[in-house]
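[1] I need the structure of the sequence given here:
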Amino acid sequence: MPRQLNPAWQRKTLSSDHLAKISARFLSDGPPAGQAADGCQVIPFLLDNAGQEWIGQELCGVLAQRGLQSHWQTLPATPGETLAELLAPEPGQPVAAGSFQMLGTTSPADIVHHGLDHVVVLVPSSLDGVMTAYRRIKRLAGQQTPDIGVVVVGPRDQHAAWRYFRKLAVGTLRYLDIPLLNLGFLPQQVVPEHGPPDHHRQNFLTRISERLLRSGFHSRYPRSTDGDDRPPA
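    Here you go, the predicted structure:
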């Protein structure tokens, strides 16, 4: 019996329509999506580890430089608390209209629990990192699978970033029927272990923020007039 490789690494010839699905997930250079005036834009981040929180925090700084109000908050949430309650600046107050709320968690269950329909997955640039990301994306799959964007963290260069993204995108599309959106990468030389924030890190974070804005890649809250943001039973 031939040895079966893990789906993320199994090498098969992709059909042209599958390749087209992957390619179509790259963003065009179209104009930025309009911001909602009746709620906030929620961008959840599925972190590989808690040490990646700096990415969301510094993205908030990049958005602030563009004049966009943003805030970073770590999940998991208090059990039973709705997302609107978590995002409120003060108990009983509504979230700021047009603001960006970055949510960080290391648990796919938190994304599912709150019914978030978009999530940015941070993927370390290693074979183990891609394998772990594949398993976590599989946990997100279901009746209401969210749109999933990927940021590769720590590759040597752009070529390496594309290679890791493609391995993950091919596996999730073939075996889970989930296309991934390439939101960019943060190369090894700009991560905190290699020095303090500088203009190089700023440039890469700015590119990621522009892709998020152009694509309208966010969950919008509140989702309904009654403010109930819990996923359906």
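
[2] Low-confidence regions, the chain specifically.
    1-39, 76-80, 89-97, 222-233 (pLDDT under 70).

[3] Following the chain onward from the longest helix out of those in the chain, which element is next?
    Assignment by DSSP state H gives helix 158-176 as the longest helix of the chain. Per DSSP states H and E, helix 158-176 leads on to strand 180-186 as the next helix or strand towards the C-terminus.

[4] what are the pairing partners of that following strand, and which direction each?
    Using DSSP bridges, strand 180-186 pairs in its sheet with strand 147-153 (parallel).

[5] which residues in this protein form strands?
    Taking DSSP state E as the criterion, the chain carries its strands at 40-46, 70-74, 100-105, 118-124, 147-153, 180-186, 219-221.

[6] State the distance from the spatially most central residue of the chain to residue 193.
    Central residue of the chain (Cα atoms, centre = their mean): residue 120, 0.5 Å from the mean position. As for residue 120, its distance to residue 193 is 21 Å (criterion: Cβ to Cβ, to the nearest Å). Glycine gets a C-beta too; all of them are placed from N, C-alpha and C.

[7] who touches residue 141 in this structure?
    176, 178 (Cβ atoms under 8 Å, 6 or more residues apart in numbering).

[8] any idea how far it is from residue 112?
    10 Å.

[9] got it, and residue 81?
    16 Å.

[10] Look at the two and report which has more neighbours.
    For the pair residue 81 and residue 112, the greater number of neighbours falls to residue 112 (18 against 10), based on other Cβ atoms under 10 Å.
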